[in-house]
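Trainee: pasting the structure only:
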C-alpha cells in the first residue's frame with residue numbers, strides 16, 4: 001500500500017498503468033482494492049483470462065506486441081492498445097472494434113531505442129498512418145489514435161534514455177501540430193517504466209507503465 005501511494009504521489013497527474021503481466025489474480029486484487037483501475041498485460045490469452053476473473057470496471061491495456069490474428073480476442077473489452085506498430089494492425093483493430101460495436105483507443109508505438117529488437121514505427125511510417133487516419137474518418141470510426149508510445153534503450157546511461165524520451169516528445173508535438181490540430185483526444189505520451197519513469201515524467205510523459213516496483217520482480 002505504501003509503495004503504491006508513494007508512486008501515486010510522485011506521478012501527480014500522470015496516469016499509472018500497473019503492469020500485471022505474469023502476476024496472479026490475488027496480487028492484482030490487492031492493488032484493485034487500493035484503488036488502482038488501469039492494468040497492463042502483454043499477452044492476449046493471459047489478459048483475457050484475467051478479464052474474466054476480475055471486476056469489470058478495470059481498464060485493460062494491451063502493452064505488448066500484438067499480432068493481427070489475436071485482436072479479435074481482446075476487442076470486446078480492451079480499453080487501450082499501446083503498441084500499434086503497423087497500418088495492417090491498425091486496420092484490423094478497426095475491423096474487430098466495428099464487429100463489437102465499440103471504439104478502441106490506440107497509441108502508435110515509435111521505435112526510439114538503440115536495440116533493433118524493439119518494435120515501433122519510424123517517422124515516415126508515422127506520417128503515413130496519420131495521413132490515412134485524418135483523410136479517411138469514415139473508414140476509421142471505431143478507433144481513436146490518442147497518442148504515442150515508446151520504450152527507451154535498456155541502459156544505465158540516463159543521458160541516452162533522456163535523449164530518447166525527448167525525441168519521442170518532439171515527435172508527439174510534431175504529430176499534434178502537423179496532422180492532429182483539433183483532435184482533442186490526442187493527449188497521451190506513454191513512456192517510462194519502473195527503471196526510468198522519473199526521467200520520462202520530466203520529459204513530458206502523461207502515462208507510465210510500472211510493474212516491478214508495484215509487484216516485485218518476476
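Mentor: Perfect, thanks for sending it. Here the structure is a predicted model, which is why all the values come from computation and not from measurement.
Trainee: what about the strands in this protein?
Mentor: 15-19, 38-41, 59-62, 80-84, 104-110, 143-150, 188-190, 207-210 (DSSP state E).
Trainee: Save those strands as TSV, and put in mean pLDDT and distance to residue 72 too.
Mentor: The way it works is simple: take the backbone N, C-alpha and C, and place the C-beta from them, glycine included. Compiled in TSV, the strands of the chain are given as follows (pLDDT from 0 to 100; distance: least, CB to CB, whole Å):
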stretch	mean pLDDT	distance to residue 72
strand 15-19	97	23
strand 38-41	98	16
strand 59-62	98	13
strand 80-84	96	13
strand 104-110	98	12
strand 143-150	97	15
strand 188-190	98	24
strand 207-210	97	24
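Trainee: will you turn those into CSV that also has distance to residue 173?
Mentor: What follows is those, written out as CSV (distance: least, CB to CB, whole Å):
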stretch, distance to residue 173
strand 15-19, 19
strand 38-41, 25
strand 59-62, 23
strand 80-84, 19
strand 104-110, 13
strand 143-150, 10
strand 188-190, 9
strand 207-210, 16
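Trainee: can you tell me which of the ones you listed comes nearest to residue 181?
Mentor: strand 143-150 (13.7 Å; CB to CB).
Trainee: Show residues contacting the closest one.
Mentor: Strand 143-150 is contacted from outside by 80, 82-84, 90, 93-94, 97, 103-113, 120, 129-130, 133, 164-165, 168, 171-172, 175, 180, 183, 185-191, 206-207, using CB atoms under 8 Å, 6 or more residues apart in numbering.
Trainee: Could you tell me which strands it is paired with, and in which direction each runs?
Mentor: Within its sheet, and counting by DSSP bridges, strand 143-150 is paired with strand 104-110 (parallel), strand 188-190 (parallel).
Trainee: just how off-centre is the first one within its chain?
Mentor: Just to be clear, that refers to strand 104-110. Its chain's C-alpha centre lies 7 Å from the corresponding centre of strand 104-110 when counted by CA atoms, centre = their mean, to the nearest Å.
Trainee: With stretch 14-27 instead?
Mentor: Computed by CA atoms, centre = their mean, the separation of stretch 14-27 from the middle of its chain amounts to 13 Å.
Trainee: Tell me which residues are up against that stretch.
Mentor: Outside of stretch 14-27, the residues within contact range by CB under 8 Å, 6+ apart are 7-8, 28, 31, 36, 38-43, 46, 50, 53-54, 61, 63-64, 188, 190, 193, 201, 205-211, 214-215, 218.
Trainee: try 7 Å
Mentor: Contact with stretch 14-27 is made by 7-8, 28, 31, 36, 38-43, 46, 50, 53-54, 61, 63, 201, 205-211, 214-215, 218, as judged by CB atoms under 7 Å, 6 or more residues apart in numbering.
Trainee: these two touch, right, residue 85 and residue 122?
Mentor: No. Contact criterion CB atoms under 7 Å: residue 85 and residue 122 do not qualify, at 10.2 Å.
Trainee: ok, back up a step: mind giving me a markdown table with the strands paired with strand 143-150 and columns for distance to residue 142 and mean neighbour count?
Mentor: As requested, the strands paired with strand 143-150 are arranged in a markdown table below (distance: least, CB to CB, whole Å; neighbours: other CB atoms under 10 Å):
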| stretch | distance to residue 142 | mean neighbour count |
| --- | --- | --- |
| strand 104-110 | 7 | 24 |
| strand 188-190 | 18 | 24 |
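Trainee: Thanks again, I'm all set now.
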